[in-house]
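Trainee: need a 3D model of the following:
(one chain, ligands or ions: 3)
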Amino acid sequence: MIRTMYLGVLFVMIVLVFAAATVIRKREDAVSKSISSLFLVIIFAIITNAVFVMSEVEIVAMWSHSLFLASIDWLLLFMLRYSVVYTEYTNRLDVAMKLLYVIAAVETVVLGLNPFFHHVFLLEKREASGIGTFFSPVSYGFPFYIHLGFSYILVVWIFALLLYKTIKTTKVYRKKYSVILYCVAVIVIFDAIGLSLNLPIDISLLCYCLGCFAVVYFSLYYVPRSMSDTILSTAVQMADVGVGCFDVSGKCIYINQRGRQMMQRLGRFHIDEDLGEMETYFAGWLERHWNENDEEKSFAEKLTDGTREFVYEFTVQRLSDEDDELLGYFINGKDRTEEYEKYQDEHYRATHDMLTGIYNELYFEEKVVETLNKYPDTPYVMIASDIKDFKLVNDLFGVERGDEVLKLIAQMFRKYAREDDVYGHLVKDRFAFCMPKERFGADVFLRIMNEIEDMFVNEYFRLQIKMGVYEITDIQEPVFLMIDKCNLAIDRIMDVYAEQVSIYDEQLFLEQMDKNRIINEFEGALAAGDITMYLQAQTTAEGKVFGAEALARWNRSKDGFLSPDEFVPVLEQAGLIWRLDMYIWELAAQRLAKWKEIGREDLHISVNISSQDQYHIDIFSVLKNIVEEYRINPKNLRLEITESIFVTEVERHLQLLKQLQEYGFEIAIDDFGSGYSSLNMLKDITANELKIDMGFLHDVKDARRSRTVVGSIISLAKELDMFVLTEGVETEHQLEMLNQMGCDAYQGFYFSKPVPVHEFEERFM
Ligand code: C2E
Ligand code: MG
Ligand code: MG
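Mentor: Residues are numbered from 1 along each chain as shown. Ligands and ions are numbered 1, 2, ... in the order given. Down below sits the predicted model:
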């Protein structure tokens, strides 16, 4: 009865093992393959054991038991092979495994020969109630113990391998090996118990079978799944993004480490004690932003801990089951604070002037447009400021003090500005302020500016801040044009000491248009020969002509002749005057060369040098080249400079004069008495000639006083060995008076107006 039951169990085992082996065989990985091979050996062992249990004939029992013992060797060997593959030691143990195969093969032969030689065991017929007669192995021989020893070695090896791997591997993977280790231990323990009980039926096979099923389950199904769970949750836990899950009721069921850190950074959420606050926050968010049908939504939140702003970007995803029923919400959050701060920083740099910390030109313009569009019905004014001779501030007080002026202006603006005002630092010493007209009061600005001006005064200099105001009439007008208009207004008062604020009007605009036309047409006029040289005679008191001054004339077909007073300052401002000067110098040199040919080297031509020329050309080399090209005496090309050139870099300019004089040029100081004139300066400038302009004397009301002034200038110049010429002489009376004062020469309408070259030659040569 028991025997039949046992056989039944064995049969069921075979079917199960075979089925399992076939299923596993389909899997291609090495572990599955090693398990399915093991299963085939088990099937063989079961069959031999079943035959042994059933056999009534001794020789059949003998054969089947011998082969059963051999199959146990192979079973353990394949178990070891599985362990080697599972622990991934295949390569390292390759040779050892081959050796074991050989031993197992030899063992099989030795055991297989037992029916012939009975050297392993003998069989004894026994009787037991419930089982009946059965064969039982007795009097084991030496080879049996070798078989036993080999089996133990294999078992120990399997153990050692799994144990070694369990210890060696990292914590996460430990379970993968320990679980198999326990299985093997259980098999061995049960097997040992079975052996020691010496039951008529060997239960070890059952142990092996059940053990192997356990191994399959753990190594192919349980471990991989639990491993991936562990790895996944570790990955989520350690991820750089904050991850959280909320259930349907809004309860937080999971939040990873990063998520906790992000919330804790805010200081508001004490996550370790209580998730409630965060749940409330999330519930609030859901209510405000989440619709029932939403699948996913991203949003960024600016949160603060009271001192610093944090920017978090969240994505909320709906979690649903297969039937699309809501399971909860999955949230991932990224900390974008650093990017945000970097952006803020870059934005600040791009929009602010680093020196003063207020808006730069570009951003100022942008902000003005924004503000004007925001309040289209409020009239606004644009105010621009400019410092007169700011370069001088740097020269006299140092660049640092210069920067200080700029910072002060910015500071005053900041103090004065209200919410709807926009102000910025445009370039260099230029600022702009845009504010509602109703609040603008020039006096307030003046007070501010005077305060700053007072800080920068010395005996030679007083800082002058000029302001131009433009009332914005068209908010679509480009902001740079508004500022240009303010600057036009400033230009008008730039040289007027008493005026600080100038309001833009249309007249200024028209004037500017004219200026633009001059600038645009200038090059064309030069090329077309519309600009020519006129000559004005310079004479002795008796009217003897000894030279002439070259004066430019622009013949503009439609508008007639343009006077130099109209275009010279414009060209100076536009940085084009050097083009005119070089052109006239060359015409003069050309003429002198002609005069030289006809033996009139006694005549000179005086040419004007603008104080702006030095910024564009090397005056000395240009003049030297001209003289050399036309082979004229430099003495005959007389150079007229104004004292204004000595306002800055006195040393350098004195050096230039010296250089020119050493080469042979003669220098005349033009328009003495106007502008910056200072008698004091005369003693330093070693000029050859002093030109006094009658024109500025006309303005003086008291004729007697002006005569006294001219008289003393003439005597001073004479004392300094200068040749004195008065220009603008219009009457005989003037001539007589100047003659009495000791003036050497004259230039003026009294003798001749400036005339075309051919006319000059006809009349005076
Ligand atoms: P400037 O060099 O002082 O030239 C003398 C100016 O006085 C000339 O004016 C001349 O026509 C004018 N003038 C001469 N005699 C009399 C007179 O009796 N009464 C009156 N009311 N005026 C008289 P212009 O030709 O209009 O030139 C004006 C200024 O333009 C010149 O003053 C000079 O500074 C500048 N300029 C003329 N041509 C050139 C040039 O080629 N280059 C440069 N850089 N400046 C020039
Ligand atoms: Mg002149
Ligand atoms: Mg002059």
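
Trainee: quick one: list the elements packing against whichever strand or helix holds residue 448.
Mentor: For residue 448, the enclosing helix or strand under DSSP states H and E is helix 442-455. For helix 442-455, the packing partners by 3 or more CB pairs under 8 Å, 6 or more residues apart in numbering; DSSP states H and E come out as helix 399-416, strand 465-471, strand 501-503. All C-beta spots, glycine's among them, are computed from the backbone N, C-alpha and C.

Trainee: average pLDDT for that helix?
Mentor: The average of the pLDDT scores along helix 442-455 is 82.

Trainee: what do you get for stretch 186-193?
Mentor: Mean pLDDT, taken over the full extent of stretch 186-193, equals 81.

Trainee: follow-up on the earlier one: select, out of the helices and strands packed on helix 442-455, the one closest to ligand 2.
Mentor: With CB to the ion as the criterion, ligand 2 lies closest to strand 465-471 of these, at 28.4 Å.

Trainee: residue boundaries of the strands in the stretch 201-350 of the chain?
Mentor: Taking DSSP state E, counting those that start in this stretch, the strands of the stretch 201-350 of the chain run over residues 242-247, 252-255, 296-304, 309-320, 326-335.

Trainee: as TSV, the ones you listed with mean neighbour count, mean pLDDT and distance to residue 176 would be great.
Mentor: Supplementary listing: the strands of the stretch 201-350 of the chain in TSV, determined by neighbours: other CB atoms under 10 Å; pLDDT from 0 to 100; distance: least, CB to CB, whole Å:
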stretch	mean neighbour count	mean pLDDT	distance to residue 176
strand 242-247	20	88	26
strand 252-255	16	84	25
strand 296-304	13	85	36
strand 309-320	16	89	30
strand 326-335	18	89	29
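
Trainee: domain ranges for the chain?
Mentor: Using automatic domain parsing, the domains assigned to the chain come out as 2-234, 239-341, 361-504, 531-764.

Trainee: how about the last one and ligand 1, touching?
Mentor: Yes - judged by CB under 6 Å from any ligand atom, domain 531-764 comes into contact with ligand 1 at 536, 551-552, 563-565, 568, 577, 580-581, 584, 608, 610, 640, 670-671, 695, 727-730, 747-749, 754.

Trainee: so which of the strands of the stretch 201-350 of the chain is nearest ligand 3?
Mentor: Each of those was checked against ligand 3 via CB to the ion, and the shortest separation belongs to strand 309-320, namely 66.3 Å.

Trainee: which helices and strands does that closest one pack with?
Mentor: With contacts taken as 3+ CB pairs under 8 Å, 6+ apart, strand 309-320 sits against strand 296-304, strand 326-335, helix 337-351.

Trainee: I'd like these as JSON lines, with distance to ligand 3 appended.
Mentor: Output for these, formatted as JSON lines (distance: least, CB to the ion, whole Å):
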{"stretch": "strand 296-304", "distance to ligand 3": "68"}
{"stretch": "strand 326-335", "distance to ligand 3": "74"}
{"stretch": "helix 337-351", "distance to ligand 3": "49"}
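
Trainee: in CSV: these, plus distance to residue 396.
Mentor: CSV is the format used below for the helices and strands packed on strand 309-320 (distance: least, CB to CB, whole Å):
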stretch, distance to residue 396
strand 296-304, 49
strand 326-335, 53
helix 337-351, 32
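
Trainee: same list, the ones you listed, but as JSON lines with distance to ligand 1 please.
Mentor: Formatted as JSON lines, the entries for the helices and strands packed on strand 309-320 read as follows, by distance: least, CB to the nearest ligand atom, whole Å:
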{"stretch": "strand 296-304", "distance to ligand 1": "62"}
{"stretch": "strand 326-335", "distance to ligand 1": "66"}
{"stretch": "helix 337-351", "distance to ligand 1": "42"}
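
Trainee: for ligand 2, find the nearest of the ones you listed.
Mentor: If we rank the helices and strands packed on strand 309-320 by CB to the ion, the stretch that ends up nearest is helix 337-351, at 48.7 Å.

Trainee: list the buried ones in the helix or strand just after the closest one?
Mentor: The element immediately downstream of helix 337-351 (helix or strand, assigned by DSSP H and E) is helix 361-374. By neighbour count, and taking 16 or more other CB atoms under 10 Å as the criterion, the buried residues in helix 361-374 are 361, 363, 364, 365, 366, 367, 368, 371, 372.

Trainee: and the first one, how close does it get to residue 383?
Mentor: Using CB to CB, to the nearest Å, one gets 15 Å for the distance from residue 361 to residue 383.

Trainee: before we move on, what about the fifth one?
Mentor: Between residue 366 and residue 383 the computed distance is 18 Å (CB to CB).

Trainee: which part of the stretch 351-500 of the chain gets nearest to ligand 3, residue-wise?
Mentor: Closest approach between the stretch 351-500 of the chain and ligand 3, counting by CB to the ion: residue 495, at 17.5 Å.

Trainee: list the contacts for the residue of the stretch 101-250 of the chain found nearest ligand 2?
Mentor: Among the residues of the stretch 101-250 of the chain, residue 240 lies nearest to ligand 2; the distance is 77.5 Å by CB to the ion. Under the criterion of CB atoms under 8 Å, 6 or more residues apart in numbering, the neighbours of residue 240 are residue 258.

Trainee: repeat that for 10 Å
Mentor: Residues counted as contacts of residue 240 (CB atoms under 10 Å, 6 or more residues apart in numbering) are 258, 334, 335.

Trainee: then residue 439?
Mentor: Residues near residue 439 by CB under 10 Å, 6+ apart: 378, 380, 381, 416, 418, 420, 421.

Trainee: nearest spatial neighbour of residue 115, chain-adjacent residues omitted?
Mentor: Here the nearest residue to residue 115 in space, its sequence neighbours aside, is residue 62; by CB to CB, 6 or more residues apart in numbering that works out to 4.6 Å.

Trainee: do residue 50 as well
Mentor: residue 10 (4.8 Å).

Trainee: so the one you found is in contact with residue 206, correct?
Mentor: Yes - judged on CB atoms under 10 Å, residue 10 makes contact with residue 206 at a distance of 8.4 Å.

Trainee: what about the one residue in the stretch 1-150 of the chain that gets nearest to ligand 2, how many residues nearby?
Mentor: At 101.2 Å from ligand 2, residue 88 is the closest residue in the stretch 1-150 of the chain, using CB to the ion. By other CB atoms under 10 Å, 12 other residues sit near residue 88.
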